[in-house]
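In: Return a 3D structure for these sequence lines:
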Amino acid sequence: MKGHHIEELTYEQVKPLLNEETIVVLPIGGGSKEHAAHLPMGTDMYVCQYLADQVTERCDVVTLPILCYAHFPAFVDWKGSVNVESRTFIDVVKDICISFARHGVRKFLIIDFSVSSKFPLYTVATEMNNEWNAKVAISLGGIGHRARAKLLEQERGGHGCENETSLMLHVRPDLVHMDRAVEDYNPVLPYTLYNGQTGIYVGHHMVSKTGTNGNPTLATREKGELLLEDMVNDLVAFVEGFRAFKITTY
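Out: Coordinates of the predicted model:
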């Protein structure tokens, strides 16, 4: 393993690893959020942890324990789903980053497997840049896009769908109940999507009857393996470029 999971190290082992050349990885994935009847509440957490483990194995990074509570306002009406309000979430993630910036770390990679948490994370990245001259990189939905374009067959998706179900079939197949998977979709406001991309964003809740948005019945473990490999390759390529990137000091 090229990288390090910080929770496995002693303080004396950690000290020489943290400096201005270090890339600190913070995985963020919901550990208690509805994913319909066929996927576990911790789907985001399991997938995000898998990605973080793979990056740590392949790259010289210091990886933090996963943050499994985040900003998920679309799921507040679903029992057991935990939402952290936006400003609270910003402050928590920012304080985590500042804890390392105090000791010279200037590069952070947040591996985030969600959608709504991205918005407050943009604020974290902006404030850390302005206040600490630190670069906070955030993984977006574009990672693994080649495999998704090639493999996914569903009309559209986004939650508990063919994509997420395939990922979980590879990461934790023992927790997937394919006999309960059904095709269902959240309604889409007209003229907000253009060629499959969001052109206009409108706040919304998860209101499909099943809590699914997509067609999980098309998912397979083989698709999940290829999807994850493409995502990991994109993250690894970014980390190597990030390592060579020089932060300008003003």
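
In: From the structure, what's the count of residues near residue 233?
Out: Using other Cβ atoms under 10 Å, residue 233 has 16 other residues around it. For every residue, glycine as well, the C-beta is placed using N, CA and C.

In: distance between the ends of stretch 70-85?
Out: One end of stretch 70-85 to the other measures 8 Å (Cα to Cα, to the nearest Å).

In: mind checking the longest helix of the chain?
Out: In the chain, with assignment by DSSP state H, the single longest helix is helix 221-244.

In: as a whole number, average confidence for that one?
Out: Confidence over helix 221-244 (mean pLDDT, whole number) is 98.

In: residues of it that come out buried?
Out: Residues of helix 221-244 classed as buried by neighbour count (16 or more other Cβ atoms under 10 Å): 223-228, 230-235, 238-239, 242.

In: of the residues you listed, closest to residue 53?
Out: Of all the buried residues of helix 221-244, residue 232 has the smallest distance to residue 53: 9.5 Å, by Cβ to Cβ.

In: tell me the contacts of the residue nearest to that closest one when sequence neighbours are not counted?
Out: Excluding the flanking residues, the one nearest residue 232 by Cβ to Cβ, 6 or more residues apart in numbering is residue 54, at 4.5 Å. By Cβ atoms under 8 Å, 6 or more residues apart in numbering, residue 54 lies in contact with 228, 232, 235, 236.

In: ok, the nearest residue to residue 135 once chain neighbours are set aside to residue 73 distance?
Out: Closest residue to residue 135 apart from its sequence neighbours, by Cβ to Cβ, 6+ apart: residue 107 at 5.5 Å. Counting by Cβ to Cβ, to the nearest Å, the separation of residue 107 from residue 73 is 29 Å.

In: Counting neighbours, go ahead and name the busier of the two.
Out: Neighbour tally, residue 107 and residue 73, criterion other Cβ under 10 Å: the higher count belongs to residue 107, 22 against 17.

In: Break down the chain into its helices, ranges please.
Out: 11-14, 43-58, 86-101, 118-132, 145-151, 162-171, 221-244.

In: What lies in contact with the third one?
Out: If I follow you right, that is helix 86-101. 18, 22, 24, 26, 28, 64, 67, 70-71, 73, 84, 108, 110, 117, 119-121, 123-124, 127-128, 132, 134, 136.

In: Now the buried members of these.
Out: Judged by 16+ other Cβ under 10 Å, buried ones among these: 18, 22, 24, 26, 28, 64, 67, 70-71, 73, 84, 108, 110, 117, 120-121, 124, 127-128, 132, 134, 136.

In: can I assume residue 118 is in contact with residue 142?
Out: No - counting by Cβ atoms under 8 Å, residue 142 is not a contact partner of residue 118; they are 11.6 Å apart.

In: If you count surrounding residues, which of the two has more?
Out: More crowded of residue 118 and residue 142, by other Cβ under 10 Å: residue 118, with 17 against 9.
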